[in-house]
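Asker: Requesting a structural model of the entry that follows:
(one chain, ligands or ions: 1)
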Amino acid sequence: MTRPTQDADPLIAIRDLSVSFATSAGPAEVLRNVTLDLGRGRIVGLVGESGSGKSTLASAITRLLPANLSRLDGGILYEGRDLLAEPEAAVAALRGSRFAMIFQDPMGALNPVFRVGTQLVDLQRAKAPKASRRDRMARAVAMLTRVGIPDAARRIRDYPHQFSGGMRQRIMIAAALLCEPDLLIADEPTTALDPTIEGQIVALIDELRHGFQGTILLISHSLGLVSHLCDDVAVLYAGALVERGPAAAVLGAPRHPYTRALLACEIGADVVRRATLATIPGDAPDPTRLPPGCVFAPRCSQAIDSCRDAVPELRPVDGDGGHAAACLLV
Ligand SMILES: Nc1ncnc2c1ncn2[C@@H]1O[C@H](COP(=O)(O)OP(=O)(O)OP(=O)(O)O)[C@@H](O)[C@H]1O
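Answerer: So this is what the prediction gives:
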């Protein structure tokens with residue numbers, strides 16, 4: 001049985017979400033029965049290996065799913081509405097006003113042919129339809145200054161390609177904050193940056209979170225980043241949520257063998273400075289041919305026969321603290 005909501009009134013309540021895509025090898029089951037709350041004002045880290053379904057979860061919330069979608073079941077509740085049942089135009093309106101996104105590659109999100117200022121002025125239309133262009137420009141300059149763009153009043157007239165990768169990511173963060181969104185989705189926001197710049201962007205997100213009222217969904221490979229920034233953590237493995245709860249509990253006392261293995265990789269990587277990156281033996285399953293029972297069982301050193309019989313449900317592991325794991329052995 002799935003735990004009741006962690007927060008009595010979460011901003012977003014994902015319920016039993018399943019997503020499949022049509023492929024030449026048959027349906028790829030990319031998310032299966034995912035139930036997760038994104039609490040108001042919280043930073044929720046979504047972690048898991050490449051291909052575990054993190055970006056697909058973000059795309060389902062914003063309904064930006066690819067054309068070969070073949071199954072979309074469950075619900076994503078936001079302010080009493082099920083986003084999966086809303087007309088496309090209604091969700092598109094939310095994307096422009098209530099939900100904002102920051103991606104790994106900011107160049108992909110900024111339009112190369114318009115000056116940064118023009119783009120930052122335009123995107124405020126939904127939030128401040130009556131504000132003058134001059135006022136919107138002033139807000140944009142103030143926000144660029146806040147995210148650390150030097151000489152913002154002048155640089156706002158530049159085009160995106162005139163900024164470095166780190167500066168472009170700062171511009172994307174400014175763009176997102178100008179919308180004052182309820183939900184900010186940051187999908188691997190620092191992955192494309194070199195380590196020094198990455199550190200600066202992490203410090204910036206850390207600093208800005210205090211003035212930001214909304215919820216942040218932070219998608220990342222890096223458990224270090226997630227433990228530094230997040231209040232809650234959700235761990236995905238091959239499309240299934242295997243563990244979730246407060247970051248301190250999930251990362252401090254992980255209960256699922258997969259979360260433990262992920263943490264061991266990260267600690268190993270730190271210790272040897274990535275010279276010999278620790279890995280989890282075996283590969284994640286092909287989403288068109290998922291194993292029966294627990295999807296992690298084929299790679300789990302602790303698996304017993306019954307792990308292969310039925311899919312384990314997320315069960316509370318700490319009473320009412322919100323920490324839950326999907327493992328028969330817990
Ligand atoms: N349009 C699609 N058609 C078929 N399979 C897809 C499609 N989009 C994604 N997938 C598959 O779905 C799975 C989940 O992909 P997704 O991008 O959500 O994972 P991810 O955890 O975000 O990975 P990464 O960290 O590499 O970005 C992968 O196996 C991927 O190959």
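Asker: Just the strands from this protein, written as ranges.
Answerer: 12-23, 26-38, 43-47, 69-78, 81-82, 99-102, 183-187, 215-219, 232-237, 240-246, 315-316, 324-325 (DSSP state E).
Asker: now these in JSON lines, with mean pLDDT and mean neighbour count?
Answerer: (Each C-beta comes from the backbone N, C-alpha and C, glycine too.) Output for the strands of the chain, formatted as JSON lines (pLDDT from 0 to 100; neighbours: other CB atoms under 10 Å):
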{"stretch": "strand 12-23", "mean pLDDT": "97", "mean neighbour count": "19"}
{"stretch": "strand 26-38", "mean pLDDT": "97", "mean neighbour count": "22"}
{"stretch": "strand 43-47", "mean pLDDT": "96", "mean neighbour count": "26"}
{"stretch": "strand 69-78", "mean pLDDT": "97", "mean neighbour count": "17"}
{"stretch": "strand 81-82", "mean pLDDT": "96", "mean neighbour count": "14"}
{"stretch": "strand 99-102", "mean pLDDT": "92", "mean neighbour count": "24"}
{"stretch": "strand 183-187", "mean pLDDT": "94", "mean neighbour count": "24"}
{"stretch": "strand 215-219", "mean pLDDT": "95", "mean neighbour count": "25"}
{"stretch": "strand 232-237", "mean pLDDT": "97", "mean neighbour count": "26"}
{"stretch": "strand 240-246", "mean pLDDT": "97", "mean neighbour count": "26"}
{"stretch": "strand 315-316", "mean pLDDT": "94", "mean neighbour count": "16"}
{"stretch": "strand 324-325", "mean pLDDT": "97", "mean neighbour count": "26"}
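Asker: To Arg155, which of the ones you listed lies closest?
Answerer: Nearest to Arg155 among the strands of the chain is strand 99-102; the distance by CB to CB comes to 19.2 Å.
Asker: and the closest one, what other elements does it pack with?
Answerer: Counting contacts by 3 or more CB pairs under 8 Å, 6 or more residues apart in numbering; DSSP states H and E, strand 99-102 packs against helix 54-62, helix 165-178, strand 183-187.
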